[in-house]
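Undergrad: Mind folding the following:
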Amino acid sequence: QVQFVESGGGLVQPGGSLRLSCATSGFTFSSYAMRWYRQAPEKSRELVGDIGPFGSTSYADSVKGRFTISRDNVKNMVYLQMNSLKPEDTAEYYCMRAATFSRVTFASDSWGPGTQVTVSS
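TA: Predicted coordinates for the structure are as follows:
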């Protein structure tokens, strides 16, 4: 069974940093891209960025230059380093696997519990 468990969220002041982690299981991690999403209250879920099996990354314009995605293909983990956080980064953050080239996610996969990030003074 494919599973994702996000952790590392919390309350941080504007300008601060957080590192989110996503533990995965149930599939061959090194064969898939991984994506980070977020969902703010009363807003639809949006893509934050993704990372290919060998480390190529892409990011939403709203986080480019502030967020960095990395992965550990031995530990089956993906990370989201968030720097220079802004109040508008406040959201629940989720990870999800995706096909290597198309970066399409799988409808059969369930979302993990997410981890809450709150940026506030």
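
Undergrad: What segments of the chain are helices?
TA: Taking DSSP state H, the chain contains no helices at all.

Undergrad: where along it do the strands fall?
TA: Ranges of strands within the chain are 3-7, 10-12, 18-25, 33-39, 46-51, 57-59, 67-72, 77-82, 91-98, 115-119, based on DSSP state E.

Undergrad: The residue positioned nearest the centre of the chain bridge partners, please.
TA: Centroid-nearest residue in the chain: Trp36, 2.5 Å away (criterion: C-alpha atoms, centre = their mean). Residues in a beta bridge with Trp36, per DSSP bridges, are Gly49, Cys95.

Undergrad: What separation is there between it and Ser121?
TA: Distance of Trp36 to Ser121, computed by C-beta to C-beta, to the nearest Å: 25 Å. Quick note: C-beta positions are derived from backbone N, CA and C, even for glycine.

Undergrad: so how far is Ser120 from Asp89?
TA: Counting by C-beta to C-beta - Asp89 and Ser120 are separated by 10 Å.

Undergrad: ditto for Thr90
TA: Counting by C-beta to C-beta, the gap from Thr90 to Ser120 is 7 Å.

Undergrad: so how many other residues sit close to Leu20?
TA: Residues lying near Leu20 (other C-beta atoms under 10 Å) number 25.

Undergrad: and what of Ser108?
TA: 6.

Undergrad: re earlier: compare Asp89 and Ser120 (neighbour count), which wins?
TA: The neighbour count for Asp89 versus Ser120, taken as other C-beta under 10 Å, is higher for Asp89 (22 against 10).

Undergrad: which residues does the closest residue to Gly8 other than its chain neighbours contact?
TA: Take Gly8 and drop its neighbours on the chain: the residue closest to it by C-beta to C-beta, 6 or more residues apart in numbering is Leu20, 4.2 Å away. By C-beta atoms under 8 Å, 6 or more residues apart in numbering, Leu20 lies in contact with Glu6, Ser7, Gly8, Gly9, Trp36, Tyr79, Leu80, Met82, Tyr93, Thr115, Val117.

Undergrad: Not counting sequence-adjacent ones, nearest residue to the last one?
TA: Leaving aside its sequence neighbours, Val117 sits nearest to Gly9 (C-beta to C-beta, 6+ apart; 4.6 Å).
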